[in-house]
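Trainee: Need the 3D shape of this:
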Amino acid sequence: MLPLAIVAVTVAGVLGALVLRLRWGELAAALSSAETLFALRLSLLTSVAALVIALTLGLPAGYLMARRRFPGRALLDTLLDLPLVMPPLVAGLGLLFLFGRPMLGGPLGALGIELLFSPAGVVLALAFIATMVVLRSAMASFQSVDPGYGAAARTLGAGAWEVFWRIDLPLAGRGIAAGALLAWARALGEFGATLIVAGATRLRTETLPTAVFLNIATGETGVAVACALLLLTVALAILLAARALGWRKDGV
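Mentor: Numbering: from 1, shown residues only. Purely as a prediction, here's the structure:
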């Protein structure tokens, strides 16, 4: 029990230290400041956009990895694991070079698309992180569905798309939804890759984690704590929703 108590008390202490750092009047003023509200709005908009991209790419990719066997699959599976253990700063650096002018940035710039050091860069960084979480959770969810259901449906004349939409996706739906929520929470808290790809410009690319960094660096503790508490509140709500899906899935 002692190790568990130490861990629980430490977590509670961290949360309590944030809550008690400011008086309620100071906290209310910091929460209602223009910078805090901007960071909250940008974090929500960019993380939702990143989640849409992650679902668009990660869901079909996870399905293919779960249901198809092809040459080089083991190597590809290992490659897809790398972003999960890659430091966010390294991921951001790679994205910066990939979408910089010498590479993809040149053709994209000719089309009038500027991703780096802009809100679009925030979405790019968050989508890279969230897609891998969605892909892995979708892959595990589809693998948990007995392929015999799909095989039986095919003998009755169902096509591949019909099997996916009517059998595999509904049966794996709760696991996928829980994974998507966790990917959203992960995107909301992402800082390292965002800092490298989008920069840290106040009231332009300032997400909640970036606002914490900028305001701690400049001594504006009130806004930093307010943004940290907002981030924790949103993340907690998402985590509770993901756990609720897990409880319903297990029938508890």
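
Trainee: could you point out where this structure is predicted with low confidence?
Mentor: Within the chain, the ranges that satisfy pLDDT under 70 run 246-252.

Trainee: Pull the contacting residues for the residue nearest the centre of it.
Mentor: Centroid check for the chain by CA atoms, centre = their mean gives Ala187 as the closest residue, at 2.9 Å. Applying CB atoms under 8 Å, 6 or more residues apart in numbering to Ala187 gives the contacts Thr46, Ser47, Ala50, Leu51, Ala54, Leu126, Ala127, Ile129, Ala130. Yep, even glycine has a C-beta here, placed from its N, CA and C like the rest.

Trainee: Return the set of buried residues in the helix or strand where Ala172 lies.
Mentor: Ala172 is part of helix 169-188, with elements assigned from DSSP states H and E. For helix 169-188, the neighbour count (16 or more other CB atoms under 10 Å) marks 169, 171-172, 174-188 as buried.

Trainee: would you put the C-alpha positions of it in PDB?
Mentor: Only the C-alpha atoms of helix 169-188 are listed here, as PDB (Å, rounded to 0.1, in the frame of the first residue of the first chain):
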ATOM      1  CA  LEU A 169     -16.600  -0.800 -37.400                       C
ATOM      2  CA  PRO A 170     -19.700  -1.200 -35.100                       C
ATOM      3  CA  LEU A 171     -18.100  -4.000 -33.100                       C
ATOM      4  CA  ALA A 172     -14.800  -2.100 -32.700                       C
ATOM      5  CA  GLY A 173     -16.500   1.200 -32.300                       C
ATOM      6  CA  ARG A 174     -16.200   1.700 -28.500                       C
ATOM      7  CA  GLY A 175     -12.500   0.900 -28.500                       C
ATOM      8  CA  ILE A 176     -11.900   3.200 -31.400                       C
ATOM      9  CA  ALA A 177     -13.900   6.000 -29.700                       C
ATOM     10  CA  ALA A 178     -11.900   5.600 -26.500                       C
ATOM     11  CA  GLY A 179      -8.600   5.700 -28.500                       C
ATOM     12  CA  ALA A 180      -9.800   8.800 -30.300                       C
ATOM     13  CA  LEU A 181     -10.500  10.600 -27.000                       C
ATOM     14  CA  LEU A 182      -7.100   9.600 -25.800                       C
ATOM     15  CA  ALA A 183      -5.500  10.900 -29.000                       C
ATOM     16  CA  TRP A 184      -7.400  14.200 -28.600                       C
ATOM     17  CA  ALA A 185      -6.100  14.500 -25.000                       C
ATOM     18  CA  ARG A 186      -2.600  13.800 -26.200                       C
ATOM     19  CA  ALA A 187      -2.900  16.400 -28.900                       C
ATOM     20  CA  LEU A 188      -4.200  19.000 -26.400                       C
END
